[in-house]
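Asks: I would like the atomic coordinates for the input below:
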Amino acid sequence: MNFLDPQLTEEGEPYGPAKYKEIVRERFFISKHSNISYSDTGKMSPTEREYIKGFIRDELKEQQKIIDKMNERSGRK
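Replies: Modelled structure (predicted):
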């Protein structure tokens, strides 16, 4: 926790545990969708994690578009 971080979230919960959970979820998402181990995600900067999450999301959206196109062509929906 940083002294610049708020003490409480908008919901009135303590900020520290909420931020920690967010970081763990972020690291899990990256390791689940890439060939990067969970422990290696801990060595990444917050900016690097954000970039990689964005790249993964873009790729997942592109894959979904391809699946949707294939389903349209085969008459499924």
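
Asks: and the longest helix for this protein?
Replies: The helix of greatest length in the chain, counted in residues with DSSP state H as the criterion, is given as helix 46-73.

Asks: in it, what's buried?
Replies: Judged by neighbour count using 16 or more other CB atoms under 10 Å, the buried positions of helix 46-73 are 49, 52. C-betas here are computed from N, CA, C, even on glycine.

Asks: and it, what does it pack onto?
Replies: Using 3 or more CB pairs under 8 Å, 6 or more residues apart in numbering; DSSP states H and E as the contact criterion, the neighbours of helix 46-73 among helices and strands are helix 15-32.

Asks: And the helix it packs on, what does it pack against?
Replies: Contacts of helix 15-32 with other secondary structure elements, assessed using 3+ CB pairs under 8 Å, 6+ apart, are made with helix 38-41, helix 46-73.

Asks: which residues touch it?
Replies: Residues lying outside helix 15-32 but in contact with it, judged by CB atoms under 8 Å, 6 or more residues apart in numbering, are 1, 5-9, 36-38, 40-42, 44, 49, 52-53, 56.

Asks: Restricted to buried residues, select these in ChimeraX.
Replies: Selection command for ChimeraX covering only the buried members of the contacts of helix 15-32, criterion 16+ other CB under 10 Å:
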select :41,44,49,52
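
Asks: Can you lay out the helices and strands packed on helix 15-32 as TSV showing mean pLDDT?
Replies: Below are those laid out as TSV (pLDDT from 0 to 100):
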stretch	mean pLDDT
helix 38-41	97
helix 46-73	96
